[in-house]
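Enquirer: coordinates only, sequence not included:
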């Protein structure tokens with residue numbers, strides 16, 4: 001049985017909590033659709049990476065490829081740097097904790113439409129989607145460990161995220177999610193909530209928006 005707490009997180013928290021969040025990021029990225037767990041140590045190899053779902057194959061080849069031992073896609077130091085870049089003093093970061101283990105997270109930050117090029121890497125040359133000075137709550141990432149999915153954890157995280165930005169008087173929320181060929185598990189969820197696609201990030205993610213008013217999760 002889950003014993004779930006939804007709590008805020010910042011980089012000023014104890015290092016043990018940060019490491020638990022790093023572990024959650026690693027587990028999420030190791031599952032479908034990303035499957036970024038193990039990769040070939042040969043930088044010129046075009047195969048892989050492989051995720052948890054590929055354990056049978058990995059065990060069969062004894063975690064060897066191109067005559068080399070496979071390596072982690074996201075070593076601790078690399079993932080820690082990635083998480084630090086996602087969370088800054090202006091960020092709203094919420095984590096789901098089950099008996100001390102971080103099993104989900106939701107990260108975003110306030111900005112303005114005019115600053116989206118810096119915040120999310122909006123593709124250069126795209127037309128302005130809204131007035132440049134309009135404040136917006138940018139939802140950058142939400143994820144739940146595979147074991148805890150379909151249990152309302154993502155909804156609980158997102159409610160806290162929305163409540164935080166409503167308390168700051170923001171009227172618009174924006175989400176960046178992966179579209180095919182790497183289909184984010186949350187894309188259908190956002191569409192059911194009434195988000196609509198308005199642009200594309202430089203890394204290929206879709207930019208979805210909808211007003212905060214009337215948004216019920």
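Expert: Yep, that arrived. No experiment lies behind these values; they were computed from the predicted model shown.
Enquirer: for the chain, which segments count as strands?
Expert: Assigned strands in the chain, in chain order: 4-8, 38-39, 64-65, 68-69, 71-72, 92-98, 101-112, 135-144, 172-177, 196-200, 206-211 (criterion: DSSP state E).
Enquirer: of those strands, which is nearest residue 166?
Expert: In this view, those are compared for proximity to residue 166 by Cβ to Cβ, and strand 135-144 is the closest at 8.6 Å. Every residue, glycine included, has its C-beta placed from N, CA and C.
Enquirer: tabulate the strands of the chain (CSV), appending mean pLDDT and mean neighbour count.
Expert: Converted to CSV, these look like this (pLDDT from 0 to 100; neighbours: other Cβ atoms under 10 Å):
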stretch, mean pLDDT, mean neighbour count
strand 4-8, 89, 13
strand 38-39, 98, 21
strand 64-65, 97, 16
strand 68-69, 96, 12
strand 71-72, 98, 14
strand 92-98, 93, 22
strand 101-112, 90, 22
strand 135-144, 88, 22
strand 172-177, 86, 23
strand 196-200, 82, 15
strand 206-211, 87, 19
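Enquirer: bridged to the residue nearest the centre of the chain, which residues?
Expert: Nearest residue to the geometric centre of the chain (Cα atoms, centre = their mean): residue 141, 2.9 Å. Beta-bridge partners recorded for residue 141 (DSSP bridges): residue 107.
Enquirer: right, and it touches residue 86 too?
Expert: Yes: in this structure, residue 141 sits in contact with residue 86. The criterion is Cβ atoms under 8 Å, and the distance is 6.7 Å.
Enquirer: now do the shared contacts for these two.
Expert: Counting by Cβ atoms under 8 Å, 6 or more residues apart in numbering, the contacts common to residue 141 and residue 86 are residue 107.
Enquirer: OK, contacts around residue 190?
Expert: Residue 190 touches 175, 177, 208, counting by Cβ under 8 Å, 6+ apart.
Enquirer: test my guess that the first one contacts residue 139.
Expert: Pointing back at residue 175 there. Yes: between residue 175 and residue 139 a contact is recorded at 4.3 Å, counting by Cβ under 8 Å.
Enquirer: quick revisit: next, the contact list for the residue nearest to the centre of the chain, please.
Expert: Counting by Cβ under 8 Å, 6+ apart, the residues that residue 141 touches are 86, 105, 106, 107, 108.
Enquirer: kindly provide the distance from the first one to residue 112.
Expert: For residue 86, the distance to residue 112 equals 19 Å [Cβ to Cβ, to the nearest Å].
Enquirer: ditto for residue 59
Expert: Residue 59 is 50 Å from residue 112, by Cβ to Cβ.
Enquirer: and if you look at residue 16?
Expert: Computed as Cβ to Cβ, the residue 16 to residue 112 distance reads 35 Å.
Enquirer: for the chain, which element, helix or strand, carries the lowest mean pLDDT?
Expert: Within the chain, no helix or strand scores below helix 116-120, which has a mean of 60 by mean pLDDT, DSSP states H and E.
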